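Novice: heads up, no residue letters with this:
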DNA sequence: TTTGAAATTCATTCATC
DNA sequence: GATGAATGAATTTCAAA
């Protein structure tokens, strides 16, 4: 479904989504009209979900990050979805993971200082009755992979590939 | 340091980093040359770190996500930094958090299936002697905030602002 | 700093391969 | 599907406010 050219393009656009289509074409070794068509197809197929500016949290005055694990009791659909919607909209929240295991949520927050972190936990989270337990880990460092690659294809040749007679 | 126009621009570019500068200018209510200059300044100041295409993990054949907490013993700088560099480069790794608390790392991974997850834990992680404990949580859902906003300014007027005589 | 207009570069289309 | 030439749009510069 994705060939080598698609993979090269995805890698390039994850590194810099705003390089010109001409530069992209040069980088992957095709004509600009070709890369333009490929990018459009990747977007339409939903492989590319969008293009986002990445901001520097320190420059935004939010120098303290934490991962807060939250346990919801009872973990009913109503409670889980209600909490998810609520916590997603808080200005301190950067990301929310709904998880299996000891906790039901991991909340990635960024706040100006440790006071802000403490306030988030004791003022905001504990006002929700379904929050049964909270555990805070300060994030010393957060690294993202420069690009997410497609999974290596599994299994042998497909039926379609095996279908033709050998030349 | 950031005025209202900067905030509007940051919000727009976090939602869509590839909208044309003309559309951006219209959205924030200034001339294209103004928004262009502001965006350039935000990039140079390091407020905008870059522009990234966001990919659909399912479409890349990586439908299973997990957060894996890892405890390193002893948690010396050598061990922490060594493990961080190693784990950041694994193809399964999407993001790495270095944290305080019970664990030293939270590793966000995406793999094709639960077999891939199990293999990551029992083949890859456990081959590192400094890994003392591992705990896996499957990620049912991952939501990012649509835009990260600057922290609300704290404190009263600065010395500079107070410096002038009243009119 | 912001702006409008000029100059330049780019995206996009499409006939052809 | 991929390409290059043409066309239409956009970015980018800059003098002026």
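Specialist: On my side now, so go ahead. Only a predicted model underlies this, so the values are computations on that prediction, with no experimental measurement involved.

Novice: all strands for chain A, in order.
Specialist: In chain A, the strands defined using DSSP state E lie at A:48-55, A:64-72, A:93-99, A:105-111, A:131-144.

Novice: tell me the most buried of these?
Specialist: strand A:105-111 (a mean of 24; mean count of other Cβ atoms under 10 Å in any protein chain shown). Placement of C-beta: from N, CA and C, glycine included.

Novice: and that one, what does it pack against?
Specialist: strand A:64-72, helix A:77-88, strand A:93-99, helix A:114-119 (3 or more Cβ pairs under 8 Å, 6 or more residues apart in numbering or on different chains; DSSP states H and E).

Novice: who's in contact with it?
Specialist: Surrounding strand A:105-111, the residues in contact under the criterion Cβ atoms under 8 Å, 6 or more residues apart in numbering or on different chains are A:57, A:60, A:62, A:64-70, A:72, A:83-84, A:87, A:90, A:92-99, A:117, A:119-120, A:139, B:67, B:97, B:106, B:137, B:148, B:151.

Novice: which residue is nearest the centroid of chain A?
Specialist: residue A:95 (8.3 Å; Cα atoms, centre = their mean).

Novice: and that residue, what does it touch?
Specialist: So residue A:95 contacts A:107-108, B:142-145 (Cβ under 8 Å, 6+ apart).

Novice: picking up where we left off before, including distance to residue B:53 and mean pLDDT, could the strands of chain A go into JSON lines?
Specialist: Formatted as JSON lines, the strands of chain A follow (distance: least, Cβ to Cβ, whole Å; pLDDT from 0 to 100):
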{"stretch": "strand A:48-55", "distance to residue B:53": "5", "mean pLDDT": "98"}
{"stretch": "strand A:64-72", "distance to residue B:53": "24", "mean pLDDT": "98"}
{"stretch": "strand A:93-99", "distance to residue B:53": "18", "mean pLDDT": "98"}
{"stretch": "strand A:105-111", "distance to residue B:53": "21", "mean pLDDT": "98"}
{"stretch": "strand A:131-144", "distance to residue B:53": "13", "mean pLDDT": "98"}
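
Novice: tabulate those (TSV), appending distance to residue B:18.
Specialist: Converted to TSV, these look like this (distance: least, Cβ to Cβ, whole Å):
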stretch	distance to residue B:18
strand A:48-55	4
strand A:64-72	27
strand A:93-99	22
strand A:105-111	25
strand A:131-144	19
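
Novice: to DNA strand D, which of the ones you listed lies closest?
Specialist: strand A:48-55 (12.7 Å; Cβ to the nearest atom of the strand).

Novice: show me what the closest one packs onto, helices and strands only.
Specialist: helix A:4-15, helix B:4-15, strand B:48-55.

Novice: what pairs with that strand, parallel or antiparallel?
Specialist: Partners of strand A:48-55 in the sheet, by DSSP bridges, are strand B:48-55 (antiparallel).

Novice: interface residues of chain A facing DNA strand D?
Specialist: Residues of chain A lying close to DNA strand D by Cβ under 7 Å from any atom of the strand are A:5, A:30-34, A:37-38.

Novice: can you say which of these are buried?
Specialist: Among the residues of chain A next to DNA strand D, those classed as buried by 16 or more other Cβ atoms under 10 Å in any protein chain shown are A:30, A:38.

Novice: between the residues of chain A next to DNA strand D, which is closest to chain B?
Specialist: Taking Cβ to the nearest Cβ as the measure, chain B lies nearest residue A:38 of the residues of chain A next to DNA strand D, at 12.5 Å.

Novice: OK, contacts around that closest one?
Specialist: Contacts of residue A:38 by Cβ under 8 Å, 6+ apart are A:5-6, A:9, A:30.

Novice: hmm, which two among those residues are most spread apart?
Specialist: A:6 and A:30 (11.3 Å; Cβ to Cβ).

Novice: domain ranges for chain A?
Specialist: Taking automatic domain parsing as the reference, chain A has its domains at A:4-52, A:58-139.
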